[in-house]
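Undergrad: Just a sequence and a predicted model for now, questions to come.
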Amino acid sequence: MSRIIVHERNHPYVVKLKDLPGIGNLTKEEKVLNYEIHLCACGLSKNKPFCDGSHAKTQSEEQGKMYDYDEKYERHELQNRY
Ligand code: FES
């Protein structure tokens, strides 16, 4: 499966653990052992860098085809554009 991701952002995402929802309620050990952070790897999340479940839209992509997603996150198959 291939996916072309165009990023226009020119500075890094900063993840401050102290700002994560619910982190203040965990013990130090729970923070280290049990807290998971899911960072978006598909490029579609509306809450980057965190995964918001939007990757579900990519699950039905067909092997060997290329797609882009518009501003409404509607998928379009690319036809020899790259
Ligand atoms: S990996 Fe991108 S939204 Fe989940």
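TA: That came through fine.

Undergrad: Which pLDDT value belongs to the nearest residue to residue 76 once chain neighbours are set aside?
TA: In space, and not counting its chain neighbours, residue 76 is closest to residue 68: 5.5 Å by Cβ to Cβ, 6 or more residues apart in numbering. For every residue, glycine as well, the C-beta is placed using N, CA and C. If you check residue 68, the pLDDT there is 87.

Undergrad: same deal with residue 57?
TA: 90.

Undergrad: Next, count neighbours for it.
TA: 15 (other Cβ atoms under 10 Å).

Undergrad: ditto for residue 24
TA: 8.

Undergrad: separation between it and the ligand?
TA: To the ligand, residue 24 is 25 Å away according to Cβ to the nearest ligand atom, to the nearest Å.

Undergrad: Is that residue in a helix, a strand, or coil?
TA: Residue 24 falls in the helix class when you classify it by DSSP: H, G, I helix; E, B strand; the rest coil.

Undergrad: okay, it: pLDDT?
TA: 83.

Undergrad: For the residue nearest to residue 38 when sequence neighbours are not counted, give me the pLDDT.
TA: Computed as Cβ to Cβ, 6+ apart, the closest residue to residue 38 that is not its neighbour in sequence is residue 51, at 3.9 Å. Here, the pLDDT recorded for residue 51 equals 90.

Undergrad: Give me the pLDDT value at the residue lying farthest from the centre of the chain.
TA: Centroid-distance maximum for the chain: residue 27 at 27.6 Å, with Cα atoms, centre = their mean. Here, the pLDDT recorded for residue 27 equals 86.

Undergrad: all numbers from here: first residue = 43
TA: Shifting the count to begin at 43 puts that one at residue 69.
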